[in-house]
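K.L.:
Give the three-dimensional model of this entry:
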Amino acid sequence: MSEGMSFDFDMTAAWLRRFSADAQGQFAAFALRLREALPELVSLREQKGFFARSGKITSITIDLGENRYQLELQGGRLVARIAMVVRGITLNTKTVDAAEWFALLAEETKKASTAAQALSASLQTFMAS
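P.N.:
Predicted coordinates:
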């Protein structure tokens, strides 16, 4: 897939099908890819068992301008939210379909800074693989 190709519905749908087969593995790989692409904008939340050496990634948060994109893994299901945050205050949060979340995030990264565009390219590569 070339870098010039758009982030499209078919690619998202294919990843969501792969996700359903291995939710935790796909979610962790996606989260780590995002953090690698934009460490200053992406934060991850992990849940660790009492004796566990490493935790399971349960939430991804991406702060882009006034929007905060949050994707959580709850019981093998994706829960996607987008919040409007102004000067550190969350004004509203809406829950959206995971496919819509990916599309909105991709659209915003196309309009944003060079760093955010790097995230968009990283998302395209991850979803296509």
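K.L.:
Per-residue confidence, the residue sitting furthest away from the middle of the chain, what does it come out as?
P.N.:
Largest separation from the mean C-alpha position in the chain: Phe51, at 28.1 Å (C-alpha atoms, centre = their mean). With respect to pLDDT, Phe51 has a value of 71.
K.L.:
Repeat that for Ser2.
P.N.:
32.
K.L.:
The residue farthest from the centre of the chain and Leu41, how far apart?
P.N.:
Using C-beta to C-beta, to the nearest Å, one gets 33 Å for the distance from Phe51 to Leu41. Where C-beta positions appear, they are placed from N, C-alpha and C, glycine not excepted.
K.L.:
start to end distance for stretch 67-86?
P.N.:
8 Å (C-alpha to C-alpha, to the nearest Å).
K.L.:
So which residues make contact with it?
P.N.:
Contacting residues not belonging to stretch 67-86 are listed as 16, 19, 23-24, 27, 56-63, 66, 90-98, 100-101, 104-105, 108 [C-beta atoms under 8 Å, 6 or more residues apart in numbering].
K.L.:
One more: stretch 14-26?
P.N.:
Contacts for stretch 14-26 (C-beta under 8 Å, 6+ apart): 27, 56, 73, 76-78, 98-99, 102, 126-127.
K.L.:
So which bits of stretch 84-101 are buried?
P.N.:
98, 101 (16 or more other C-beta atoms under 10 Å).
K.L.:
Off-centre distance for stretch 68-80?
P.N.:
Mean-position distance between stretch 68-80 and its chain equals 9 Å (C-alpha atoms, centre = their mean, to the nearest Å).
K.L.:
So for that stretch, mean pLDDT?
P.N.:
Here the average pLDDT along stretch 68-80 is 92.
K.L.:
Any regions of the protein where pLDDT drops low?
P.N.:
Along the chain, segments meeting pLDDT under 70 span 1-9, 11, 52-53, 112-120, 127, 129.
K.L.:
hmm, 90 instead?
P.N.:
1-30, 32-41, 46-56, 64-66, 75-77, 86-90, 98-129 (pLDDT under 90).
K.L.:
all strands of it, in order?
P.N.:
For the chain, the strands defined by DSSP state E cover 42-47, 56-64, 67-74, 77-86, 89-96.
K.L.:
Understood, closing this out.
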